[in-house]
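Peer 1: Predicted model follows, preceded by the sequence.
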Amino acid sequence: MSERNEKGWFAQGHKGIGGRPPKAREAARLAIIASVIDEEAFKKVVEVNLTDATTHEDGQVRARARQQIYEYLIGKPKQTIGIERTEYDAWSELADLSDDELRAIIAQGDAETGKGGAGGEGAEED
């Protein structure tokens, strides 16, 4: 079975790209780490990281060590996307147009630029 269909999309039944390991495997790996690194060893790792964060001669090492400490103590910041609406909202204006009106706008742009973009030769019809 081909992984992609004629449009280049993943074909039905494609298994995907993996993702996060199963919980059982993750738990087993954590158990291995815990069996090797006891509290004293972990304390040494933290002390080295703190020393790197405060006194290492390389600024990039200091910055990365501080980042690791912050992320562990505070957690990674949530990523947000700031989308601000303005008085002129082109999307809502375009949403009110019919398919034929949109095709006419595209054709006009194609004629002005000399390009044959969407809606040009070979484009699919609905």
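Peer 2: Now that the structure is in, tell me what you want to look at.
Peer 1: For the residue most central in space within the chain, report the pLDDT, please.
Peer 2: Residue closest to the average C-alpha location in the chain (C-alpha atoms, centre = their mean): Gln79, at 10.4 Å. Gln79 carries a pLDDT value of 80.
Peer 1: And for Glu26?
Peer 2: 88.
Peer 1: Pull the number of nearby residues for the closest residue in space to Ala11 that isn't next to it in sequence.
Peer 2: In space, and not counting its chain neighbours, Ala11 is closest to Asn5: 4.8 Å by C-beta to C-beta, 6 or more residues apart in numbering. From N, CA and C alone the C-beta is placed, and that goes for glycine too. If you count neighbours by other C-beta atoms under 10 Å, Asn5 ends up with 11.
Peer 1: got it, and the one 5 residues further on?
Peer 2: The local packing of Phe10 (other C-beta under 10 Å) involves 13 other residues.
Peer 1: same question, Gln68
Peer 2: Neighbour tally, Gln68, other C-beta under 10 Å: 15.
Peer 1: Same check on Leu102?
Peer 2: 13.
Peer 1: Could you report the separation of the residue nearest to it when sequence neighbours are not counted from Ile106?
Peer 2: Closest residue to Leu102 apart from its sequence neighbours, by C-beta to C-beta, 6+ apart: Leu94 at 7.0 Å. According to C-beta to C-beta, to the nearest Å, Leu94 stands 11 Å off from Ile106.
Peer 1: More neighbours: which of those two?
Peer 2: Ranked by neighbour count (other C-beta under 10 Å), Leu94 and Ile106 place Ile106 first, with 15 against 11.
Peer 1: Okay, helices next: where are they in this structure?
Peer 2: For the chain, helices defined by DSSP state H occupy the ranges 23-36, 39-55, 59-73, 90-95, 99-113.
Peer 1: To Phe10, which of the ones you listed lies closest?
Peer 2: With C-beta to C-beta, the closest approach to Phe10 among the helices of the chain belongs to helix 23-36: 24.4 Å.
Peer 1: which stretches of the protein aren't confidently modelled?
Peer 2: 1-2, 16-19, 85-89, 116-126 (pLDDT under 70).
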